[in-house]
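Engineer: I'll drop the sequence and a predicted model, then ask my questions.
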Amino acid sequence: MENFDITDHLSFMKAEILETLRLVMDPELHINIIDLGLVYGVKIDEPGKQINIEMTLSSSYCPMGESIVSAVKNCVEGHYAGFTTNVELVWEPIWSYHSITEEGKKLLGI
Amino acid sequence: MSSIKQNTGLYRIVVTHYVVAALCFLILAMMMLFSVQAFTGHYFHPRILAITHMAALGWGTMIILGASYQLIPVVLETELYSKKLAWISFSLFLPGMIALVYSFWIFIPGIHMQCGAVLLLTAIILFTINVYLTAKKKKQQTIQEDFIFSACLCLCLTAALGTVLVFNFTIPIFTQDQLHFLKIHAHLGIAGWFLLMIIGVSSKLVPMFLVSSYQKTRLLSFSYYLIVSALLLFIVDSYLSGINYRTYFIALIGAAGVACYLLFIVKCFLSRMRKRIDLPMMSTFFSFILLKIAILTIPFIIYYHLKNDPISIRYSLIYGVLLIMGWITALILGQTFKTLPFIVWVKHYEHLTGKVKTPMPADLFKNSLLKVQSAGFIIFCLTFIPGCFFMSQLLLYTGISSLLVTAAMYLTNVFIILFHKTKTYGKL
């Protein structure tokens, strides 16, 4: 998960993007992908007008994988006009149930 | 991006299987309505044979084949080898199944029955080749792969033995009677095909749907080896000596295998992160209870069979009903509403997610119909099974009427999902 760095002038935008990604829901669990712990990082290439999202899925062949990735792209591009979004799927660290945030656990009724 | 891409070709194959299976379920309930008298007699009756094959092939196997094309790539983490092969398999399976069921219904064991059996066998072999070539693309071997591939092999053997039995009606092949081989044919189908396939797929899906933290597969490995050993022992022993005192021991090995699987499910359930259990998952858990009850009837079947008591026929009948119309049906009635809405949702909303508010997969079907369907099915179980045992026509009619309601609700909900129109609720 991304740390907030006050010396980085893009930190506010990164934090904003992460908040925006709370709009993307896992269709089965009905929980946003941030609280599920699927998003690992955000990188912004300001001159190149590109936003890179580093994220994972609950399994490499998650049946909902394609839709979640598509939703992330649609969501970021819809909110940041002029930027293109690239989603990079990574499998390290492997997502586990411990990746779910406290808020996510509350939403799951734990 | 390495996740599975949903494509139109795969969508059509999967959906076609679901629709045909739902129609077969309704036809099955009607066939039962016109055969109430047959449920009070011996299970080796033309109507019962037709109903059993409609249930096992048109309903159970049809939906498992359809779901497999969607789920095997998920479970084996690779893409389906060939969609064309899947279509060829389907186009042989459907006429084969219709010919076989109709020939049993009118009981003319001639050319139609033989052609039906050969078409089915060919379709099943093609399905197995497709699964084998799909699994071959993957390097890492998992216990789920062992379950699925063994299940496909058992399905081939079930169909092959079934085909030989069909020819045996007109051309004497076996010296023993049909009933001697019927036990082997039925158990290859139930324990070999249905049980192994269901364990293989559900052991991956149940933890996924429950968001369970239990990840160990040791219990599944025990379950696999115990069930396969029991099945092999049963085939050899019952071929050589029929039902005897050793059958108790073989049944115990098989039951231990099922117990390991159920323990795995319990561990997944207890370690689940998602506390709320929805109606489709409740139906799934209900199916496991029915499986347990079915296994508990086995010692009674063996005991009364060895005593030559005709009550063993009643126990055998309720054992078959509990497995096919209970366990498998409850599982399908639940899991359809976990899988089909997803398949349709991806087609309608994948390109819209993240842009606009969309319905969720669970919003694609009518929950009220699902409640009526579930209630109807529970009434069916509570009336039809005792009805078979006590040979009560009132209970049998009540049960079948409830099953008709269940099938009608199920079919309606399947069509509601399939004819869903894309709708959005404004910008995100």
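Structural biologist: Right, received. Where do you want to start? No experiment lies behind these values; they were computed from the predicted model shown.

Engineer: what's near enough to touch residue B:181?
Structural biologist: Neighbouring residues of residue B:181 by CB atoms under 8 Å, 6 or more residues apart in numbering or on different chains: B:161, B:164, B:165, B:168, B:174. For glycine as for every other residue, the C-beta is placed from the backbone atoms N, C-alpha and C.

Engineer: one more time with 7 Å, if that's ok
Structural biologist: By CB atoms under 7 Å, 6 or more residues apart in numbering or on different chains, the contact list for residue B:181 reads B:161, B:165, B:174.

Engineer: Now that we have the residues you listed, which of them are buried?
Structural biologist: Neighbour counting over the contacts of residue B:181 (16 or more other CB atoms under 10 Å in any protein chain shown) leaves B:161, B:165 as the buried ones.

Engineer: Just send the contacts of residue B:181 back as TSV, with secondary structure and distance to residue A:82 too.
Structural biologist: Compiled in TSV, these are given as follows (DSSP: H, G, I helix; E, B strand; the rest coil; distance: CB to CB, whole Å):
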residue	secondary structure	distance to residue A:82
B:161	helix	66
B:165	helix	70
B:174	coil	77
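
Engineer: Need the nearest residue in space to residue B:372, chain neighbours excluded.
Structural biologist: In this structure, residue B:372 finds its nearest non-sequential neighbour in residue B:409, 5.0 Å apart by CB to CB, 6 or more residues apart in numbering or on different chains.

Engineer: Chain A contacts on the stretch 51-200 of chain B?
Structural biologist: With CB under 7 Å from any CB of the partner chain as the criterion, the stretch 51-200 of chain B meets chain A at residues B:73, B:74, B:77.

Engineer: one more time with 10 Å
Structural biologist: B:70, B:71, B:73, B:74, B:75, B:76, B:77, B:78, B:79 (CB under 10 Å from any CB of the partner chain).

Engineer: can you tell me the average pLDDT over the longest helix along chain A?
Structural biologist: Longest helix of chain A, by residue count under DSSP state H: helix A:65-79. Model confidence over helix A:65-79 averages 90 on the pLDDT scale.

Engineer: same deal with stretch B:362-372?
Structural biologist: The pLDDT scores in stretch B:362-372 average 96.

Engineer: If you count neighbours, what's buried in that stretch?
Structural biologist: Here stretch B:362-372 shows B:362, B:364, B:365, B:369, B:370, B:372 as buried, counting by 16+ other CB under 10 Å.

Engineer: now do stretch B:250-270
Structural biologist: Neighbour counts using 16+ other CB under 10 Å place B:250-251, B:253-255, B:257-262, B:264-265, B:267-269 of stretch B:250-270 among the buried residues.

Engineer: Between those, which sits nearest chain A?
Structural biologist: Set against chain A, the nearest of the buried residues of stretch B:250-270 by CB to the nearest CB is residue B:268 (11.7 Å).

Engineer: Enumerate every residue touching that closest one.
Structural biologist: B:202, B:203, B:206, B:207, B:208, B:209, B:210, B:211, B:212, B:213, B:214, B:215 (CB atoms under 10 Å, 6 or more residues apart in numbering or on different chains).

Engineer: check which helix or strand covers the fifth one.
Structural biologist: According to DSSP states H and E, residue B:208 maps onto helix B:196-210.

Engineer: Done for today, thanks.
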